[in-house]
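1. Okay, predicted coordinates and the sequence, questions at the end:
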Amino acid sequence: MVHNEKVEGLRIEEWKTRYPLLHKMMEMDEVFWTNPSYDEIAKVTFSVTPEEVKDAEERLRRFGSFIQEAFPETREAGGLIESPIVLINKMKNYMGSRYELDIPGDLWLKCDSHLPIAGSIKARGGIYEVLAHAEELARKHHMLQPDSDYSLFASDEFRELFSRYSIAVGSTGNLGLSIGIISAKLGFQVTVHMSADAKAWKKDLLREKGVQVVEYLSDYGKAVEEGRKQAEADPNCYFIDDENSKRLFLGYAVAAKRLKKQLEEQQITVDEDHPLFVYLPCGVGGGPGGVAYGLKLVYGDNVHCFFAEPTHSPCMLLGLMTGLHDRVSVQDFGIDNKTEADGLAVGRPSRFVGKRMEDLLSGVFTVADEELYALLRALRDHESIRLEPSALAGMPGPVRLFQQEAGRYYLEKQGLTEKMQKATHIVWATGGSMVPENIQEVYYAKGLETQGK
Ligand SMILES: *Cc1c(COP(=O)(O)O)cnc(C)c1O
């Protein structure tokens, strides 16, 4: 066992004394943690600036004409890659009986599971980073004028340029899918380094699109490391670094202002008396981190963001709680990083994201795999929405907030206890619309096994 080994100079037993929650985490039990460093917005320094997020929004707008030409399903939205929000009252009722709690406030689902092009939250960050890189190359080769129409990016001339460059990425599946699809469309040579958790259908789909897929028997960290090595050896290869990328982060952050517009269209108020709670599934951290960061820029103290992780892969929680960030992995504490939630099967968190979220994140909770399947089945039964297991991780959030002592204490401390009837809860559904039918059925069947729990 690992118990006598040291992590960053301290024995595991000493870490457990400092952070008693580790006892349950190491048992792989569900936990709910609130962030002691969470601070009011006036005291926070935003090291990624609002201007940088705005710049990313504008870049995506410029690419609208290319996107709608390359991906006709985005035409109606003018080439905007965006997903709807849906009120899920029936699911709320189901949860009410499953967990014996009437959730105060409204429950919405943000359907990034149904984002065009890649069917997951990775259609935000992944596509953005590839577009930013393509724009940079086109500028370098003097192929863009200040007033160029970006449908040029679909031309043979641009494809020829990009065919001389390559892109590499390490992924548990969905990032590879998103980057593989957009890169192949632009004409890049793409290599996706896939961890052992990546599902076979994701690899098959990429190969169909002409993407080179390299498979590893170990976890996500290894896939990233190999991708990085390959790229370093080739000056024409651009590596998308999921563990450190600011561009990915910015692509995700753009979601916030778009969500604000959607909430306004639904006449949902977010202010001091109407708090917004957002529950985001977390792997290495980039997706949920970018979105949450963007939301804090838009809504400040009135939004409360929680990350959700599998009980077997609580890497961001471990990194934030101990302050060790990427200097620690769940495996260091004997936690196995084996989960059916493939998109979240990450053992070591992003330092970049951890540092950005240190004082902005309200908390993190963990969810057992069986719970993900039961909720997957229920969401399909009650709302006819199909997700992949990872995408359900946020769902228990609104219940945990009220049922866990740490959650109630958080509400009390923030002066929110009396305001919760007017709260809006958004569960961020991060993937699922591209899952093949037969695999959906397997997921659904697994949900039945745990439904009676
Ligand atoms: C990647 C992914 C996440 C989490 O994003 P990270 O950037 O890895 O934290 C959540 N859900 C799904 C379905 C994903 O593919």
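-> Received the coordinates, thanks.
2. Next, count neighbours for the residue in the stretch 101-250 of the chain that the ligand sits nearest to.
-> Per C-beta to the nearest ligand atom, the residue of the stretch 101-250 of the chain with the smallest distance to the ligand is Asn174, at 3.3 Å. (Each C-beta comes from the backbone N, C-alpha and C, glycine too.) By the criterion of other C-beta atoms under 10 Å, Asn174 has 29 neighbours.
3. cool, the one 3 residues further on as well?
-> The number of residues packed around Leu177, counting by other C-beta under 10 Å, is 29.
4. gap between the helix or strand containing it and the chain center?
-> Secondary structure from DSSP states H and E places Leu177 in helix 174-186. Here the centre of mass of C-alpha atoms in helix 174-186, compared against the chain's by C-alpha atoms, centre = their mean, to the nearest Å, lies 16 Å away.
5. Give the rounded mean pLDDT of it.
-> For helix 174-186, the mean pLDDT works out to 95.
6. May I have it as PDB, with CA atoms only?
-> Taking C-alpha atoms only, helix 174-186 is exported to PDB below (Å, rounded to 0.1, in the frame of the first residue of the first chain):
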ATOM      1  CA  ASN A 174     -13.700  14.200 -26.700                       C
ATOM      2  CA  LEU A 175     -10.900  16.700 -27.100                       C
ATOM      3  CA  GLY A 176      -9.400  14.500 -29.700                       C
ATOM      4  CA  LEU A 177     -12.800  14.300 -31.500                       C
ATOM      5  CA  SER A 178     -13.200  18.100 -31.500                       C
ATOM      6  CA  ILE A 179      -9.700  18.900 -32.600                       C
ATOM      7  CA  GLY A 180      -9.500  16.000 -35.000                       C
ATOM      8  CA  ILE A 181     -12.700  17.100 -36.800                       C
ATOM      9  CA  ILE A 182     -11.900  20.800 -37.100                       C
ATOM     10  CA  SER A 183      -8.200  20.300 -38.000                       C
ATOM     11  CA  ALA A 184      -9.000  17.700 -40.700                       C
ATOM     12  CA  LYS A 185     -11.600  20.100 -42.100                       C
ATOM     13  CA  LEU A 186      -9.000  22.900 -42.400                       C
END
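7. and it, what does it pack onto?
-> helix 122-140, helix 156-162, strand 166-171, strand 189-194, helix 200-208 (3 or more C-beta pairs under 8 Å, 6 or more residues apart in numbering; DSSP states H and E).
8. what's the most buried one of those?
-> Of the helices and strands packed on helix 174-186, the one with the most neighbours on average (mean count of other C-beta atoms under 10 Å) is strand 166-171, at a mean of 27.
9. can you list contacts of that one?
-> With contacts defined as C-beta atoms under 8 Å, 6 or more residues apart in numbering, strand 166-171 is touched by 126, 130, 133, 175-177, 179, 183, 188-195, 198, 220, 223-228, 230-231, 234, 236-240, 242.
10. related to what we said a few turns ago, what sits against the residue of the stretch 101-250 of the chain closest to the ligand?
-> Ala118, Gly119, Ser120, Ile121, Lys122, Lys202, Gly343, Gly431 are the contacts of Asn174 under C-beta under 8 Å, 6+ apart.
11. show me what contacts the residue most central in space within the chain?
-> The chain has Gly287 as the residue nearest its centroid, 3.2 Å off, counting by C-alpha atoms, centre = their mean. Applying C-beta under 8 Å, 6+ apart, we find Gly287 in contact with Ile121, Lys122, Arg124, Gly125, Tyr252, Leu280, Pro281, Thr430.
12. Which parts of the chain are strands?
-> Using DSSP state E, the strands of the chain run over residues 6-7, 10-11, 32-34, 85-87, 106-111, 166-171, 189-194, 212-215, 237-240, 276-281, 303-310, 363-367, 424-429.
13. Dump the ones you listed to JSON lines, plus mean pLDDT and distance to the ligand.
-> Formatted as JSON lines, these follow (pLDDT from 0 to 100; distance: least, C-beta to the nearest ligand atom, whole Å):
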{"stretch": "strand 6-7", "mean pLDDT": "92", "distance to the ligand": "22"}
{"stretch": "strand 10-11", "mean pLDDT": "96", "distance to the ligand": "27"}
{"stretch": "strand 32-34", "mean pLDDT": "98", "distance to the ligand": "17"}
{"stretch": "strand 85-87", "mean pLDDT": "98", "distance to the ligand": "17"}
{"stretch": "strand 106-111", "mean pLDDT": "98", "distance to the ligand": "12"}
{"stretch": "strand 166-171", "mean pLDDT": "93", "distance to the ligand": "8"}
{"stretch": "strand 189-194", "mean pLDDT": "94", "distance to the ligand": "13"}
{"stretch": "strand 212-215", "mean pLDDT": "93", "distance to the ligand": "16"}
{"stretch": "strand 237-240", "mean pLDDT": "95", "distance to the ligand": "12"}
{"stretch": "strand 276-281", "mean pLDDT": "98", "distance to the ligand": "4"}
{"stretch": "strand 303-310", "mean pLDDT": "98", "distance to the ligand": "8"}
{"stretch": "strand 363-367", "mean pLDDT": "98", "distance to the ligand": "12"}
{"stretch": "strand 424-429", "mean pLDDT": "98", "distance to the ligand": "8"}
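14. For Lys43, find the nearest of those strands.
-> Among those, strand 303-310 comes nearest to Lys43, with 16.0 Å by C-beta to C-beta.
15. Partner strands of the closest one, with direction?
-> Using DSSP bridges, the neighbouring strands of strand 303-310 in the sheet come out as strand 276-281 (parallel), strand 363-367 (parallel).
16. how close does Phe66 sit to Lys54?
-> 20 Å (C-beta to C-beta, to the nearest Å).
17. what comes up buried for the helix or strand of the chain with the lowest mean pLDDT?
-> Across the helices and strands of the chain, mean confidence by mean pLDDT, DSSP states H and E is lowest for helix 220-232: a mean of 87. Across helix 220-232, burial judged by 16 or more other C-beta atoms under 10 Å covers Tyr220, Gly221, Lys222, Ala223, Val224, Glu226, Gly227, Arg228, Gln230, Ala231.
18. Quick one: name the residues of the stretch 101-250 of the chain near the ligand.
-> Residues of the stretch 101-250 of the chain found near the ligand (C-beta under 6 Å from any ligand atom) are Ser120, Ile121, Lys122, Asn174.
19. rerun that using 5 Å as the cut-off
-> Contact residues, the stretch 101-250 of the chain versus the ligand (C-beta under 5 Å from any ligand atom): Ser120, Asn174.
20. do the stretch 251-400 of the chain as well
-> Residues of the stretch 251-400 of the chain lying near the ligand (C-beta under 5 Å from any ligand atom): Pro281, Cys282, Gly283, Val284, Gly285, Gly286, Gly287, Gly343, Ser390, Ala391.
21. Tell me the backbone dihedrals of the fifth one, please.
-> When read as degrees, to the nearest 10, the backbone of Gly285 gives phi 120, psi -20.
22. what residues are up against the residue nearest to it when sequence neighbours are not counted?
-> For Gly285, the nearest residue in space outside its immediate sequence neighbours is Val353; the separation is 3.4 Å by C-beta to C-beta, 6 or more residues apart in numbering. By C-beta under 8 Å, 6+ apart, Val353 lies in contact with Phe249, Val284, Gly285, Gly286, Gly289, Gly290, Met316.
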